[in-house]
Every structure is written in C-alpha cells, then in structure tokens.
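Undergrad: here is a sequence with its predicted model. Questions after.
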Amino acid sequence: MSAFFKIRWGRYRRVAFTGSHQPCPLCGGNDSVVIGRLDRWFNPLVNVLCRRCGLIFLDPMPTDEELDRYYRDQFWSRSQGSDEPTAKTIAKDTRYSRGRLALLAPFLKLGARILDVGAGGGEFLLAARQRGYEVEGIEPSAGYARYCRQAYGLEVHAATLADTDLGDKQYDLITCNHSLEHMRDPLRALQRLHHHLKADGHLYVSVPDLGDPHTWPLRYFHAGHMCGFTHETLVMIAAKAGFAPVERQPFGSDTTLVFRRLPASDANWFRFPDHAAAAEQQWRRRTALRHLLSPRTYWRVPGRISYFLRTRALSIRSAVALKRPQRQT
C-alpha cells in the first residue's frame, strides 16, 4: 500500500524543467499552436503542434542536462515507485517482449546483432539472447541498467543514446520501444541509428499514437514525453533520417512500425503536407468535455478493468515466484 501511494505522489508532483524554446524537431519550423497546457496529472506542461508538419513537442523544451538528470535519477522511481524493476514490470515486460520478438523474427537471421535503445529492465534483450541473437542495450536509468547487468549479465550502457559510444558497431536490428518520444532531438537520434544499422538491417519503432481521436486528450502528455507522434509524423521523420516502412507490417498499429534502411535521407520525406492542418482541427475538437460525453469513452471501461485485474494477478504470481527459491534454501 505504501508503494502505491509513493508512486501516485511521485506522479502528481511537477517536474521542474526550465528548458528553452526550440524550433520543430522534425521540420525546423517556428510556427506552432498550443494544444495542451497541462500534463496527464494536471501539472503545468505546454505541448505545441507544428503548423508545417504536425509534430507535437514540448515548448519550452528541456535541456540535455535536465533530461540526463531526470532519466538517470527520477524517471522510473516516479513512474514505477522503484529505481529497479519490480516483479510486476518484469512479468509484464517478459510477456510482451516474447511476443514482440516473435513478430520480429522474420527480419532476423541466426546470430543477428540487436541493439535495444531504451532497454528498461532488459527483458527483451534476455529473450533475444535466449533465441541465439547477439544483444546490446542502452538504458539511461542507472538503476535499471545496473539490474540488466547484474540479473541477466547483459551488455547495457547506462547512458542516453547521445552519450553512448558505439564505436563502429553495426547491427542487424535496432529497436526503439517507447523510447523515441523521450528524446528531445528524435531526428538526430534516428540519423545516428541509421549510421549503426547494416545496409540490409531493420529498425523497429513503437510510440504512443497521438492521432487517436478517442483517447483522453491529456493521456500522453507528461514530462517524460518530449515529442508526440502520429502515423504521418513518424513516417516523415523516419524518411528524413533514411528509413522507409516495410510493405507488410507485422504489428497492425499506426505508430508501431518496422522500417528498412535506405542508402540516404529520402528527399521526398515531406509526404503529408496537409497533415498539420488536419491535426490542428482534430485537436481543437479533442476537448475534455467532448471526451467525457462520448459513449465511446465508456466502451473501454470493461477492457481497462480486465487489463488491471490481469496485470494485478500477474504481479502477485511473479512476486510469489521470486520468493519461492528463498524458502527452499
């Protein structure tokens, strides 16, 4: 119970970023419109939408130093109540990681080299290593990176992508599972990953879908999300960095995509010129009152309750399993 309140209290406290104004991280534009002034816990947080390309991002944008400190020391403790993975997160991530790896298997050959950017507790890398792949990770949280090394013996860099020295390494697959939205310069990050991906390699990216008109308007607004993507802006930023979506997507999600590496940046990356205007109109309609009055909002309630109960049961079973070996010794 104390952990429950610790997590909730940590979430509701405002993150003290100062930051500065930055142009759009995708197109470099300076014409933007405010679409949100609060985060999901009703703390002050300004999100804007670029009127040229439609990318959503924080303004002011936190500095590199502020982000390094936040992700190194605060992010996981604020969101999960612990500086290291809990039984619940381990069980949940293990389950999802195995499913993700199974869907990515057609893009991998035996002994393929995988880099996971934002490795978390290391469950995806562990599953990949058990399948015979060569794995490496990047995780800015000191506690989570330490857990990866000590619990699983994984090679995980305790740093941000920008501060990680990968030398001249090349990978067959690079994964960014809910990590790209946490970067203040996602284009530069993708360009760097392009440099470290083999010519026939693939990039997996999964980000929250800010183009979904049926979610709570503030759902994805919090201090950890520097940028917000739709299908259109994700495809455009990937194209500008030198990637194109594969023809047959295994995940069936607008913002969970597998990309193939192109030789260079796609000169025609700005392929959705009308997206920004359409997105702005959609956000003008996405008010809290409209959301609460929509019947569709309440259709999701049974599913959310079911998800909570399954996750809770999984957490209890995992905690019991972790304690069992101690009783036998």
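TA: Okay, I see it.
Undergrad: host element of Ala276?
TA: With secondary structure defined by DSSP states H and E, Ala276 is part of helix 275-285.
Undergrad: hmm, I typed the wrong one, I wanted Ala91.
TA: Assigned by DSSP H and E, Ala91 belongs to helix 87-104.
Undergrad: let's test this: mean pLDDT of that helix, rounded?
TA: Model confidence over helix 87-104 averages 91 on the pLDDT scale.
Undergrad: please apply the same query to stretch 141-153.
TA: Confidence over stretch 141-153, taken as the mean pLDDT, stands at 93.
Undergrad: as CSV, could you dump the C-alpha coordinates of that stretch?
TA: The C-alpha trace of stretch 141-153 is given here as CSV (Å, rounded to 0.1, in the frame of the first residue of the first chain):
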residue,chain,number,x,y,z
SER,A,141,18.4,4.9,-15.8
ALA,A,142,21.4,3.9,-13.7
GLY,A,143,19.3,1.5,-11.5
TYR,A,144,17.7,-0.3,-14.4
ALA,A,145,20.9,-0.6,-16.4
ARG,A,146,22.6,-2.0,-13.3
TYR,A,147,19.8,-4.5,-12.9
CYS,A,148,20.2,-5.6,-16.6
ARG,A,149,23.9,-6.3,-16.0
GLN,A,150,23.6,-7.9,-12.6
ALA,A,151,20.4,-10.0,-13.0
TYR,A,152,20.9,-11.1,-16.6
GLY,A,153,24.6,-10.4,-17.5
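Undergrad: pull the residues that contact it.
TA: Taking contacts as CB atoms under 8 Å, 6 or more residues apart in numbering, the residues outside stretch 141-153 that touch it are 71-73, 75-77, 82-85, 119-122, 125-126, 129, 137, 139, 154-158. C-beta coordinates here come from the backbone N, C-alpha and C atoms, glycine included.
Undergrad: so which of the residues you listed sit within strands?
TA: Under the assignment DSSP state E, the contacts of stretch 141-153 contribute Gly137, Val156, His157 to strands.
Undergrad: wait, the first one sits on Leu161?
TA: No - Gly137 sits out of contact with Leu161 when judged by CB atoms under 8 Å, with a separation of 10.9 Å.
Undergrad: what do the two both touch?
TA: Taking CB under 8 Å, 6+ apart as the contact rule, Gly137 and Leu161 both touch Val117.
Undergrad: where in the stretch 51-200 of the chain is pLDDT low?
TA: Confidence mapping of the stretch 51-200 of the chain against pLDDT under 70 gives the ranges 76-82.
Undergrad: show me where it has helices.
TA: All helices of the stretch 51-200 of the chain, identified by DSSP state H, counting those that start in this stretch, fall at 64-73, 75-80, 87-104, 123-130, 142-152, 186-195.
Undergrad: returning to that earlier point: name the helices or strands packed onto the helix holding Ala276?
TA: Using 3 or more CB pairs under 8 Å, 6 or more residues apart in numbering; DSSP states H and E as the contact test, the elements touching helix 275-285 are strand 32-38, strand 44-50, helix 231-241.
Undergrad: just name the most buried of those.
TA: For the helices and strands packed on helix 275-285, the largest average neighbour count (mean count of other CB atoms under 10 Å) is found in helix 231-241, namely a mean of 24.
Undergrad: the helix or strand that that one is followed by pairs with which strands?
TA: Counting by DSSP H and E, the element after helix 231-241 in chain order, helix or strand, is strand 243-245. Partners of strand 243-245 in the sheet, by DSSP bridges, are strand 256-261 (antiparallel).
Undergrad: now the angle from the strand it pairs with to helix 186-195?
TA: Regarding strand 256-261 and helix 186-195, their directions subtend 50 degrees when assessed with axes from the mean of the first three to the mean of the last three CA atoms, to 10 degrees.
Undergrad: CA-only coordinates of strand 256-261 in PDB, if you can.
TA: As requested, C-alpha coordinates have been extracted for strand 256-261 and formatted as PDB (Å, rounded to 0.1, in the frame of the first residue of the first chain):
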ATOM      1  CA  THR A 256       4.300   0.700 -34.300                       C
ATOM      2  CA  LEU A 257       6.300   0.200 -37.500                       C
ATOM      3  CA  VAL A 258       9.200  -1.800 -38.900                       C
ATOM      4  CA  PHE A 259      11.500   0.200 -41.200                       C
ATOM      5  CA  ARG A 260      14.100  -0.800 -43.800                       C
ATOM      6  CA  ARG A 261      17.300   1.200 -44.100                       C
END
